[in-house]
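> sequence first, then the predicted structure, then my questions.
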Amino acid sequence: MSKFYITTAIAYTSKIPHIGNVYEAILTDAIARFKKLQGHDVYFLTGTDEHGQKIQEQAESENKTPQEHVDYIAGEIKKIWDLVDVDYDQFIRTTDHGHKKVVQNIFKKLYEQGDIYKGAYEGAYCKPCESFWTETQLNEGKCPDCDGQVEQAKEEAYFLKLSNYTKRLVEHYETHPEFISPESRKNEMVNNFIKPGLQDLCVSRTSFDWGIPIEFDEGHVAYVWIDALSNYISALGYDTEGNHGELFNKYWPADLHVIGKDIVRFHTIYWPIILMALNVPLPKKILGHPWLLTGKSKMSKSKGNVVYAQDLVELFGVDATRYYVLREMPYAQDGTFTYDLMISRINTDLANILGNLVNRTVAMVNKYFDGSVGKAGVVLTEEDQVLDQDLIDLTLKTVKQVEEKMADYKVAEALETLWGLLRRSNKYIDETCPWLLAKEEDKQERLQTVLYNLLEVIRVTSVLLQPFMPSTSQKIQTQIQSDVLSLKSLYSFDGIQEGSKVGIGSPLFERIDEKKKLEEIEGAFEPKVEKLKLKPEITFEDFSKIDFMVAEIIQVEKHKKADRLLVIKLKVGSEERQVVSGIAEHYDPKSLIGEKVILVANLKPVNLRGEKSEGMILAATSGKDLKLVQVDMPTGSVVS
């Protein structure tokens, strides 16, 4: 039994992932389950990426520590993975002690052998992507990944010498053409990054401190990609001295990294070079899957077009959600999500084609033969022989084709192939007319064979569905009462036992009234969204404990360690206070001098990035807009 090590990209813990992010976990789970079905010894790794400037700033905006923030998000991601039936073997977090130590050792090793050097970075920086760019890489002055604004940044940093390994990387591409899939992703890497010349990679930061500290240089933390990418080996017990753990010795190199197309560059250029520098074998394949779009746009919280897995499961169920994202996402092109498309898929593919086939067949076996499976192989005419053989041949061919599609990780095509068999089976019912055979005494054995053939197709379907729709697969197997469920059993058309009994049939999927469901969707989650914006209810007594006072801004400076923070000096009556506030992107510091604002004066002081904050000033927000609440009253006035 051969090993198969498969991973997702670790999910970034800035916010709760949407269905476009969750798709990757479902896709990887489906591949892992199929490999298990084939008899492989599978190890499935997933997890969370928990360091970086964006996470630190998000935590500060929530008045939480970064650790508190990532603990919550990581917990929610685990719940989502469980909700959509993702059956992983290990969930790694980059804040795990073991991972941090491995990253520190990797950084030190690469530095000591001359692959990492100290320098300074000056140039364009995209904060949302946490990526540095050269002027030639920018797309009309914007980030080429997210099309967002970039800012000029300058800071001391360590760099990885990519040029030391560029030739080896290109040779690997040429000698291992299967390394990057789809082929178009490899062409992008070669044409857009390698041919223009690789710039050395920034691998440390000093402008924020939420990261893994570089032990030999205080003030530096490991920059995202050495930290995040190393999870694939740290999870298995990699050791820079060669004293690897049992899992590493057993499962590395990875057989498949499943990632989104937006991070192909990091996994197919930077990650292989890091491994080459460490003298570690490279993963066998990187699969850069496309995006799941909402209509024609990429899902984005800023665009307001995000759909969450939790909502889809609540509306349609787990397996319907899994089926839709797996079936609707092509191998190389982006897939599309709309509610009406999902409803159509459920009604057509799941309720009509699959559900009706199973329900009608089990119902007829119970109706005509009291649930007993009859004889196979009875044909009365040449036409019967042709119809039966055609169905049997297509069934055996389908098994082979599904395996071939899954060998190339073309999951949507594998499902389309299987549904082709289901459509043919429904046509077989119309061609053989079991209800007419039931009326003729001398055709009862022929009727038994027709139903046997249908039951065998359903058995084969239930086995092939296990990786994609595990709960539905089990429900089908319960209804047909089959325990012959190995992949090997599908290589012949005889798994259903003559004389066995089927169970009681029940609909696998109910048809959805599209108009009613869309009306339900339109209103279902609006109250929930509004409710999420409210904090826990307080009493008047709670409110009366808060001291709101008018304060005058007398001095404003940018925070030395956080671009989005301002350090504000206030005059409150005869006292002076200092407040650290995340409003730098909304106000020029000079414009605030002399303004009178409302201060929460009795808030417990906190330390934000090395600056003491004695209270909070009130602001109103709407989308991306923010304005301070300003008043024209004497400083020290009480607000009530």
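Yep, it's here.

> report the buried residues of the longest helix anywhere in the chain.
When the chain is parsed with DSSP state H, its longest helix is helix 382-407. Within helix 382-407, the residues that count as buried by 16 or more other Cβ atoms under 10 Å are 384, 387-388, 391-392, 394-395, 398-399, 401-403, 405-406. Backbone N, C-alpha and C define where each C-beta goes, glycine included.

> and the two most separated of those residues?
The most widely separated members of the buried residues of helix 382-407 are D384 and M406, with 33.4 Å between them, by Cβ to Cβ.

> grab the nearest non-local neighbour of F34.
P467 (4.1 Å; Cβ to Cβ, 6 or more residues apart in numbering).

> residues near that neighbour, how many?
25 (other Cβ atoms under 10 Å).

> which strands or helices does the following helix or strand past the longest helix of the chain pack on?
Where DSSP states H and E defines the elements, the next helix or strand beyond helix 382-407 is helix 411-432. Secondary-structure packing of helix 411-432 (3 or more Cβ pairs under 8 Å, 6 or more residues apart in numbering; DSSP states H and E): helix 19-37, helix 318-328, helix 356-369, helix 382-407, helix 444-465.

> in whichever helix or strand comes after helix 411-432, what's buried?
Counting by DSSP H and E, the next helix or strand C-terminal to helix 411-432 is helix 434-437. Using 16+ other Cβ under 10 Å as the test for burial, helix 434-437 gives P434, L437.

> ok, now stretch 272-285?
P272, I273, I274, L275, M276, A277, L278, V280, L282, P283, K285.

> chain center to whichever helix or strand the third one is part of, what's the gap?
Applying DSSP H and E as the criterion places I274 in helix 271-278. Relative to its chain's centre, helix 271-278 lies at 25 Å (Cα atoms, centre = their mean, to the nearest Å).

> likewise for stretch 548-564?
38 Å.

> state the mean pLDDT of that stretch.
For stretch 548-564, mean pLDDT rounds to 89.

> quick one on the thing from earlier: my read is that the residue nearest to F34 contacts I31, right?
Yes. Between P467 and I31 there is a contact under Cβ atoms under 8 Å: 7.5 Å.

> and for those two, which residues touch both?
M406 (Cβ atoms under 8 Å, 6 or more residues apart in numbering).

> thinking again about what came up before, name the helices or strands packed onto the following helix or strand past the helix holding I274?
Note on helix 271-278: by DSSP H and E, the next helix or strand toward the C-terminus is strand 286-289. Applying 3+ Cβ pairs under 8 Å, 6+ apart, one finds that strand 286-289 contacts helix 19-37, strand 180-181, strand 256-260.

> so which of the ones you listed is the most surrounded?
Of these, the one with the most neighbours on average (mean count of other Cβ atoms under 10 Å) is helix 19-37, at a mean of 24.

> so for that helix, mean pLDDT?
For helix 19-37, the per-residue pLDDT averages 97.

> one more: stretch 209-216?
Stretch 209-216 comes out at a mean pLDDT of 95.

> mind listing what's buried along that stretch?
Applying 16+ other Cβ under 10 Å to stretch 209-216 flags D209, W210, G211, I212, P213, I214 as buried.

> ok, and what's touching it?
51-53, 55-56, 59, 66, 94, 100, 103-104, 107-108, 111, 158, 204-205, 220-224, 227, 561, 609.

> apply the buried test to those and list what passes.
Buried, going by 16+ other Cβ under 10 Å: 51-53, 55-56, 59, 66, 94, 100, 103-104, 107, 111, 158, 204-205, 220-224, 227, 609, out of those.

> what about the residues you listed, which are in strands?
Y158, S204, R205, V221, A222 (DSSP state E).

> in the residues you listed, find the pair that's most separated.
Pairwise over these, using Cβ to Cβ, the maximum falls at Y158 and V221, 10.4 Å.

> okay, and the common contacts of the two?
S204, I214.

> residue ranges with poor pLDDT in the stretch 251-400 of the chain?
Within the stretch 251-400 of the chain, the stretches with pLDDT under 70 are 295-304.

> tell me where the stretch 501-640 of the chain has helices.
For the stretch 501-640 of the chain, the helices defined by DSSP state H, counting those that start in this stretch occupy 514-524, 526-532, 540-544.

> which one of those helices has the lowest average pLDDT?
helix 526-532 (a mean of 44).

> so where do the helices sit in the stretch 151-300 of the chain?
Under DSSP H, counting those that start in this stretch, the stretch 151-300 of the chain gives helices at 166-175, 183-189, 224-229, 231-234, 246-251, 264-265, 271-278.

> if we can go back for a sec, residues contacting the residue nearest to F34?
D29, A30, I31, A32, R33, F34, K36, L37, M406 are the contacts of P467 under Cβ under 8 Å, 6+ apart.

> is it true that it lies in a helix?
No. Assigned with DSSP: H, G, I helix; E, B strand; the rest coil, P467 falls outside any helix and is coil.

> re earlier: and the helices and strands packed on strand 286-289: which comes nearest Q479?
From the helices and strands packed on strand 286-289, taking Cβ to Cβ, the stretch that ends up closest is helix 19-37, at 20.2 Å.
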